[in-house]
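Trainee: sequence first, predicted coordinates after that:
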Amino acid sequence: MALKLEHVTYIYGADTQLPVRALDDICLEIPDGQFIGLIGHTGSGKSTLVQHLNGLIRPSQGRITWNGRDIWEAGFPKKELRSSVGLVFQYPEHQLFEADVFSDVCFGPNNLGLPREEVQKRARRALELVGIPEALYGQSPFELSGGQKRRAAIAGVLAMEPKILVLDEPTAGLDPKGRDEILGQIAGLKKETGISVVLVSHSMEDVANYVERIVVMSQGHILFDGEPRQVFRHKRELEEVGLAVPQVTDILHRLSAAGFAVDTDATTVPEARDTILKALGGKWDGPAAGRGAMGEKEKC
Amino acid sequence: MLRDITLGQYYQTDSLLHRLDSRVKLTATLLFIISLFLVNNLWGYVMAAAFLAVCIRLSHVPFRYMVKGMRTILFLLLFALVFNLFLTPGTPVVRLWKLTVTKEGIRMAAQIAVRLVLLIIGSSLMTLTTTPNHLTDGLESLMKPLKKLRVPVHEVAMMMSIALRFIPILMEETDKIMKAQIARGADFESGNLIQRAKAMVPLLVPLFIAAFRRANDLALAMEARCYRGGEGRTKMKPLVYQRRDYMAYAVLLLYFAAVIVIGRILPI
Ligand SMILES: Nc1ncnc2c1ncn2[C@@H]1O[C@H](COP(=O)(O)OP(=O)(O)OP(=O)(O)O)[C@@H](O)[C@H]1O
Ligand SMILES: [Mg+2]
């Protein structure tokens, strides 16, 4: 059950005066059960790429295969692909239209032609997964708060029970709390159901804590593709294309430059604490002291 | 999918026609359309077509691109054609089942077709070579005399420019919502008429909401910048006639006089 992109190129407005080469020779494979972060500066082609994943736009060159079969060959079951690869657009709350939240979530599975009970079961499960309480099921989606709308819209795609869930900047425009909640729920969902998740973002900070693989895009190319710690080693190149490594990694890089023997591969706060403590040679021990040490060391 | 509609869109390039003052182009379009309706013989239409062809050459807009936008109105053209062909009374020429084609019908249909095609290409040439901003600036300036009659010229022009500006935005929005619903399994392309009409609901509801949201945002943004209508408002780039504009007016008058003389006086 793998989705594979082979040398995909996409050009917007090919027959106009100003063609834009949004994707340039992209090769990418999305295997089962992987949590992937797709990162890139504004305009790097992330949204264009994800629309290829479920056959919404057709590559200008190259091919896309789902289980070895070209998705653009005649007679390919597009609807099946779209239920297997669930795509949540940027600002998905703008697609809500039904009179109440529950019916809106039912829209996707209904389109798959499932029986009524199955549709409702799926809608219920999806709403539960994104943490919308039952009391809100009957409300108009337009009366929800921004974060709730976003989650209801995500549930609308989840209810189709995709094997690959693609989310285009699911946290754009949310406050830090809403952001952490949604990212946490997505991570939980990934763990629970074992589906693949592609999380599009332009913030390393967001994805570093969750994903197991990072794909970095810049100007339509894939710049890096690998485990977070491998990708974060290219701090300079990342900064050149307008991205930043997570703050902890940044601090470790600076400490290392200042002559401390820290392991710059650490990507999370606990890992960073451990390696800093080790570098300082046990002068500080215990978590409380550790926190103090970090505060102090940040100054140098 | 919606991007194929080129009718009424601006085509970015550099040409004499692009550089002309928008007031000249507006006047020219108006005169051209009037000339199409005054002419009633073959030579007049040949002249109008030739004039248009020269303008198209001068505009550097590929003819192919222009015609692509015409496809959307092909239906209208066919409709007018068929109606005139069969429903004009006169001397019968051919009899098809219950319908008769008359000599007058053929002439009328041909005339209507030529007029419509020239009219549409002519006016789309104006929008292709003039940015919406210039267009409304030109309109506002040409309609200035109406201010004396208490017509809110500036406000009308502003509304027009906003409407024009919103067309591509709403088109983009439609494209996005359509894709989002297709991703949720919606089907806009198959089914009978009723099913298709029903399938539009998930598209239209979010589209209307988006339009209202945008309008609201725009109103707020304008108010925040102290917009208060036309009273005492100056332009950052006022329209100023250049030498080429006067020459264009001269050419235009020449064309108009010639086409009327030839198109109305010569026989056929
Ligand atoms: N509909 C379109 N028509 C023409 N060009 C487009 C269109 N959509 C995107 N582009 C161009 O393609 C390039 C990639 O855009 P894309 O939306 O994929 O970027 P992105 O990485 O998603 O950016 P962001 O982080 O801002 O969402 C950009 O240069 C953009 O200007
Ligand atoms: Mg994007």
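Mentor: All right, it came through fine. Ligands and ions are numbered 1, 2, ... in the order given.
Trainee: elements contacting the host helix or strand of A:Asp274?
Mentor: Taking DSSP states H and E as the definition, A:Asp274 sits inside helix A:269-279. On a contact count with 3 or more CB pairs under 8 Å, 6 or more residues apart in numbering or on different chains; DSSP states H and E, helix A:269-279 meets helix A:247-257, helix A:287-297. Glycine gets a C-beta too; all of them are placed from N, C-alpha and C.
Trainee: report the angle between that helix and helix A:247-257.
Mentor: 20 degrees (axes from the mean of the first three to the mean of the last three CA atoms, to 10 degrees).
Trainee: picking that back up, which of the helices and strands packed on helix A:269-279 has the lowest mean pLDDT?
Mentor: If these are sorted by mean pLDDT, helix A:287-297 sits at the bottom with a mean of 44.
Trainee: A:Val216 contacts A:Gln230, doesn't it?
Mentor: No - counting by CB atoms under 8 Å, A:Val216 stays clear of A:Gln230, with 10.8 Å between them.
Trainee: adjacent strands (with direction) for the host helix or strand of A:Asp225?
Mentor: Secondary structure from DSSP H and E places A:Asp225 in strand A:221-226. With DSSP bridges as the test, strand A:221-226 is paired with strand A:213-218 (antiparallel).
Trainee: can you tell me if the partner strand touches ligand 1.
Mentor: No - figure legend: strand A:213-218 not in contact with ligand 1 (CB under 6 Å from any ligand atom); closest approach 6.8 Å.
Trainee: tell me which parts of chain A are close to ligand 1?
Mentor: Checking chain A against ligand 1 by CB under 6 Å from any ligand atom, the hits are A:12-13, A:20, A:22, A:40, A:42-48, A:202.
Trainee: any idea how many residues pack against A:Lys190?
Mentor: A:Lys190 has 20 neighbours, counted by other CB atoms under 10 Å in any protein chain shown.
Trainee: helix or strand for it, which one?
Mentor: helix A:176-193.
Trainee: got any ranges where the stretch 151-300 of chain A has weak pLDDT?
Mentor: Applying pLDDT under 70 to the stretch 151-300 of chain A flags the ranges A:282-300.
Trainee: name the helices or strands packed onto the strand or helix carrying B:Arg64?
Mentor: Using DSSP H and E, B:Arg64 maps to helix B:63-70. Packing partners of helix B:63-70 (3+ CB pairs under 8 Å, 6+ apart): helix B:103-129.
Trainee: and the helix it packs on, what other elements does it pack with?
Mentor: helix B:16-19, helix B:22-38, helix B:42-59, helix B:63-70, helix B:74-87, strand B:92-96.
Trainee: parallel or antiparallel, list what pairs with the last one.
Mentor: Next to strand B:92-96 in the sheet, as set by DSSP bridges, lie strand B:99-102 (antiparallel).
Trainee: contacts for the strand it pairs with?
Mentor: Here strand B:99-102 makes contact (CB atoms under 8 Å, 6 or more residues apart in numbering or on different chains) with B:Leu85, B:Phe86, B:Thr88, B:Pro89, B:Gly90, B:Thr91, B:Pro92, B:Val93, B:Val94, B:Arg95.
Trainee: can you do 7 Å?
Mentor: Here strand B:99-102 makes contact (CB atoms under 7 Å, 6 or more residues apart in numbering or on different chains) with B:Leu85, B:Phe86, B:Thr88, B:Pro89, B:Gly90, B:Thr91, B:Pro92, B:Val93, B:Val94.
Trainee: what residues sit buried inside it?
Mentor: By neighbour count on 16 or more other CB atoms under 10 Å in any protein chain shown, the buried set for strand B:99-102 is B:Thr100, B:Val101, B:Thr102.
Trainee: returning to that earlier point: neighbour-wise, which of A:Val216 and A:Gln230 wins?
Mentor: Comparing A:Val216 with A:Gln230 by neighbour count (other CB under 10 Å), the higher total belongs to A:Val216, at 23 against 13.
Trainee: nearest to ligand 1 among the helices and strands packed on helix B:103-129 would be which one?
Mentor: helix B:63-70 (16.2 Å; CB to the nearest ligand atom).
Trainee: CA atoms of that closest one as PDB?
Mentor: Taking C-alpha atoms only, helix B:63-70 is exported to PDB below (Å, rounded to 0.1, in the frame of the first residue of the first chain):
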ATOM      1  CA  PHE B  63      -4.800  35.200 -31.200                       C
ATOM      2  CA  ARG B  64      -5.000  31.600 -30.000                       C
ATOM      3  CA  TYR B  65      -5.300  32.900 -26.400                       C
ATOM      4  CA  MET B  66      -8.100  35.200 -27.300                       C
ATOM      5  CA  VAL B  67     -10.100  32.500 -29.100                       C
ATOM      6  CA  LYS B  68      -9.600  30.100 -26.200                       C
ATOM      7  CA  GLY B  69     -11.700  32.500 -24.100                       C
ATOM      8  CA  MET B  70     -14.400  32.600 -26.800                       C
END
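Trainee: what's the spacing between it and its chain's center?
Mentor: With CA atoms, centre = their mean, to the nearest Å as the basis, helix B:63-70 stands 13 Å off its chain's centre.
Trainee: show me what counts as buried in that helix.
Mentor: B:Met66, B:Gly69.
Trainee: what angle sits between it and helix B:103-129?
Mentor: Using the same axes, to 10 degrees, helix B:63-70 lies at 110 degrees relative to helix B:103-129.
Trainee: and the angle from helix B:63-70 to helix B:42-59?
Mentor: 110 degrees.
Trainee: average pLDDT for helix B:63-70?
Mentor: 79.
Trainee: ok, now which ones touch the residue in chain A that chain B sits nearest to?
Mentor: Residue nearest to chain B within chain A: A:Asn111 (3.0 Å; CB to the nearest CB). Under the criterion of CB under 7 Å, 6+ apart, the contact list for A:Asn111 reads B:Arg184, B:Gly185, B:Ala186.
Trainee: residue contacts, A:Gly188?
Mentor: Going by CB under 7 Å, 6+ apart, the list of residues near A:Gly188 is empty.
Trainee: now B:Asp217: which helix or strand?
Mentor: Going by DSSP H and E, B:Asp217 is in helix B:201-224.
Trainee: A:Gly113 now?
Mentor: Going by DSSP H and E, A:Gly113 is not in any helix or strand.
Trainee: need the pLDDT of it.
Mentor: 90.
Trainee: which strand or helix spans A:Ile132?
Mentor: Short version, using DSSP H and E: A:Ile132 is in no helix or strand.
Trainee: what about it, how many neighbours?
Mentor: 21.
Trainee: gap between it and ligand 1?
Mentor: 26 Å (CB to the nearest ligand atom, to the nearest Å).
Trainee: correct me, but that residue touches A:Ala153?
Mentor: No - under the criterion of CB atoms under 7 Å, A:Ile132 makes no contact with A:Ala153, lying 10.7 Å away.
Trainee: which SS class is A:Ile57?
Mentor: Following DSSP: H, G, I helix; E, B strand; the rest coil, the label given to A:Ile57 is coil.
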